[in-house]
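In: What follows is a protein structure lacking sequence information:
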DNA sequence: CTTAATTTGGAATAAACATTCCGTTATCAT
DNA sequence: ATGATAACGGAATGTTTATTCCAAATTAAG
């Protein structure tokens, strides 16, 4: 029988996610990957195929993890406004961790690759659709209970909230401070009342 | 006396702006530049220095042109709400030109480079500040004339509007349709009333 | 029309790039 | 322990990268 794998495939994939998230596809070299993943070049290619396939898998992994946890957060909610505040807090807090944030891997990849690469565009659009739909459910329920006003439709509001989050992700990349984020979030939330 | 320059430096710079805007810094090779600018490799290096210096100059040129025209638009306004609508229309129209838009060169560069490169971060932040300040003047005047409500402060509103535009620029990169943009813009504008 | 200046195309360079290959090493079942 | 199997590290590959260099072409002034 053969030697068993000494590294955990999912765990190493997690390191690839962080690296691509930080430096983008074009900004990450095969050498960078070898250095950061802590496995050999040959293991890397044997396990994940080429650089682009590893990138796609990293992006899908991110989508599952991050969009997944956001969607779960939304679906398990019973105080709709509080949950929305938490979603924004989550984004803002993450943005303020380092002076120059990594932003959102989806936003980064959309900007870098979506116009030139249909596969990436599809992943990014799928993500947008998923989150928009989750927000839609949340807003609908909030409107039914009277927590949110019906001044605007739920679908437009869901798109608006998602767009606001995308904007925050961009702003975070050039190092804005908390005051800026709070101003934006306050006004975005007021649109629901 | 010597031979005279046969190409127009500013005109060729304009081609560099379009190319970097489309493909980003890492996505654009020296060969791409030679092919698109229509001048020789030696003229390119003699005139603009190295790739990074040409990139910086392209980004500054974009800032002068595009932020400049937006700021002028804002400052020459006497119907504040109409001008704001025009600003959004300008962004949306540009986004819908091609199926996959180039987005905004500032947003693209911020996402690709700002966290790793202080010089780029400074240019992007300067741009943000300029546009935010212009929006601030517009909103203040609109609030004084009663066209906009004073429910929110002018500075927070300026930040909010700028953030909304950044979001639209991201959304456009993965090919959203007009309905999505209109939903977002409608709600953003309602925040001022 | 010659001279001086300067742009030009393209060859040359050296480093970095993604990827493949291979001999060695480690781990399992027998 | 031994043999079969597969991961491993690192050298090797061939391509692409950014940049420099140079000889030939082009132009303006004398």
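Out: Looks like it arrived, so ask away. Since we're looking at a predicted model, the values are computed, not measured.

In: show me where pLDDT drops low in chain A?
Out: Scanning chain A for pLDDT under 70 picks out the ranges A:1-6.

In: How are the helices of it distributed by residue range?
Out: Counting by DSSP state H, chain A has helices at residues A:9-23, A:30-37, A:41-48, A:51-62, A:68-75, A:80-96, A:105-113, A:118-144, A:154-173, A:178-190.

In: Using a markdown table, lay out those together with distance to DNA strand C and mean neighbour count.
Out: Every C-beta, even on glycine, is put in place using the N, C-alpha and C of the backbone. Below are the helices of chain A laid out as a markdown table (distance: least, C-beta to the nearest atom of the strand, whole Å; neighbours: other C-beta atoms under 10 Å in any protein chain shown):
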| stretch | distance to DNA strand C | mean neighbour count |
| --- | --- | --- |
| helix A:9-23 | 10 | 17 |
| helix A:30-37 | 3 | 15 |
| helix A:41-48 | 3 | 15 |
| helix A:51-62 | 3 | 19 |
| helix A:68-75 | 28 | 15 |
| helix A:80-96 | 27 | 17 |
| helix A:105-113 | 14 | 27 |
| helix A:118-144 | 14 | 19 |
| helix A:154-173 | 21 | 25 |
| helix A:178-190 | 34 | 18 |
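
In: As JSON lines, those with distance to residue B:100 would be great.
Out: Formatted as JSON lines, the helices of chain A follow (distance: least, C-beta to C-beta, whole Å):
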{"stretch": "helix A:9-23", "distance to residue B:100": "21"}
{"stretch": "helix A:30-37", "distance to residue B:100": "27"}
{"stretch": "helix A:41-48", "distance to residue B:100": "27"}
{"stretch": "helix A:51-62", "distance to residue B:100": "17"}
{"stretch": "helix A:68-75", "distance to residue B:100": "25"}
{"stretch": "helix A:80-96", "distance to residue B:100": "25"}
{"stretch": "helix A:105-113", "distance to residue B:100": "10"}
{"stretch": "helix A:118-144", "distance to residue B:100": "7"}
{"stretch": "helix A:154-173", "distance to residue B:100": "16"}
{"stretch": "helix A:178-190", "distance to residue B:100": "27"}
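
In: Which among those is found nearest to residue B:127?
Out: helix A:154-173 (12.1 Å; C-beta to C-beta).

In: Which one, of the helices of chain A, ends up nearest to DNA strand D?
Out: Among the helices of chain A, helix A:41-48 comes nearest to DNA strand D, with 2.8 Å by C-beta to the nearest atom of the strand.

In: Residue A:26 is in contact with residue A:109, correct?
Out: No - counting by C-beta atoms under 8 Å, residue A:109 does not reach residue A:26; the two are 11.0 Å apart.

In: for residue A:139, what are its contacts?
Out: A:80, A:148, A:154, A:157, A:158, A:161, A:192 (C-beta atoms under 8 Å, 6 or more residues apart in numbering or on different chains).

In: what about it, distance to residue A:150?
Out: Here residue A:139 is placed at a distance of 10 Å from residue A:150 (C-beta to C-beta, to the nearest Å).
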